[in-house]
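Chemist: give me coordinates for this.
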Amino acid sequence: MAPLLEVSDLHVAVDGAEILRGVDLVVGEGQVHALMGPNGSGKSTLANTLLGNPAYRVTSGTVRFRGEDVTTWSPDVRAKAGMFLAFQYPEEISGVSVTQFLRQAMAARAGEERSVLEVRMAMQDWMGRLGMDPAFAERYLNEGFSGGEKKRNEILQMALLEPDVAVLDETDSGLDIDALAVVAAGVEAVRGERPALGVLLVTHYTKILELLRPDVVHVLVDGRLVASGGPELADRLEREGYEPWRR
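Modeler: Numbering: from 1, shown residues only. This next block holds a predicted model:
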């Protein structure tokens, strides 16, 4: 069986500057991989590249999803196929309610229209699990939301869109301890209902890894993966920082 997500010798440039310099990464079904690294190491570049952001140009290498080369696929095609990105800085969309957005996104993912009632019932269930005020369903997408509310809304989208692989780009940034626990519990709840879901969690910090234990931890420095290991690697990073790998 082909890996769920496979990145091979990936080189990526942004505005003519090479950011990723040959990344190899394999995520299997049901696995949680944590990608850690200092600021500017290329973590968000990899996350955006995996979902086809056109600002990030693949100069060589491939991204495969379920064995199929998706390197040139557009973001919407990847999303419909079952790839999901939770943004580090979720966009605000004025004039489009959370319910409207999710109904359209769910229809695109499923390939058929979903009734307003079906969407509302699914939203109410997951909003309850994520500790979200039901009134958020009628607010414009992320407009006026706090940082924590935006991140919970990203997990709500992940739950309802039922992807096969989810890339979570610094979902923990800007969250207090309580909000972090809710978001991590939400990710675990989605995994409980979709045990084959593969997760690539991009993070600076080890705190979320105490709540969402990874199968594999990767260290990215200067656009290259310099180490991979089990959860103990994150514990070492907590003690020593990134300096040993910079050297």
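Chemist: quick one: the strands in this structure?
Modeler: 5-14, 17-27, 32-36, 57-65, 68-69, 83-86, 93-97, 140-141, 165-169, 198-203, 216-221, 224-229 (DSSP state E).
Chemist: pull the CA atoms of the lowest-mean-pLDDT helix or strand in the chain into CSV?
Modeler: Lowest by mean pLDDT, DSSP states H and E among the helices and strands of the chain is helix 243-246, with a mean of 82. Coordinates of each C-alpha in helix 243-246 appear next as CSV, following Å, rounded to 0.1, in the frame of the first residue of the first chain:
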residue,chain,number,x,y,z
GLU,A,243,21.6,24.9,18.6
PRO,A,244,23.0,21.3,18.4
TRP,A,245,21.5,20.9,14.9
ARG,A,246,22.5,24.4,13.7
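Chemist: tell me what it is packed against?
Modeler: Contacts defined by 3 or more C-beta pairs under 8 Å, 6 or more residues apart in numbering; DSSP states H and E place helix 243-246 against strand 216-221. For the C-beta atoms, the positions are set from N, CA and C on the backbone; glycine is no exception.
Chemist: tabulate the strands of the chain (a markdown table), appending mean neighbour count and mean pLDDT.
Modeler: Below are those laid out as a markdown table (neighbours: other C-beta atoms under 10 Å; pLDDT from 0 to 100):
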| stretch | mean neighbour count | mean pLDDT |
| --- | --- | --- |
| strand 5-14 | 19 | 98 |
| strand 17-27 | 18 | 97 |
| strand 32-36 | 24 | 97 |
| strand 57-65 | 17 | 98 |
| strand 68-69 | 12 | 97 |
| strand 83-86 | 24 | 95 |
| strand 93-97 | 12 | 93 |
| strand 140-141 | 19 | 92 |
| strand 165-169 | 26 | 96 |
| strand 198-203 | 25 | 96 |
| strand 216-221 | 22 | 96 |
| strand 224-229 | 16 | 96 |
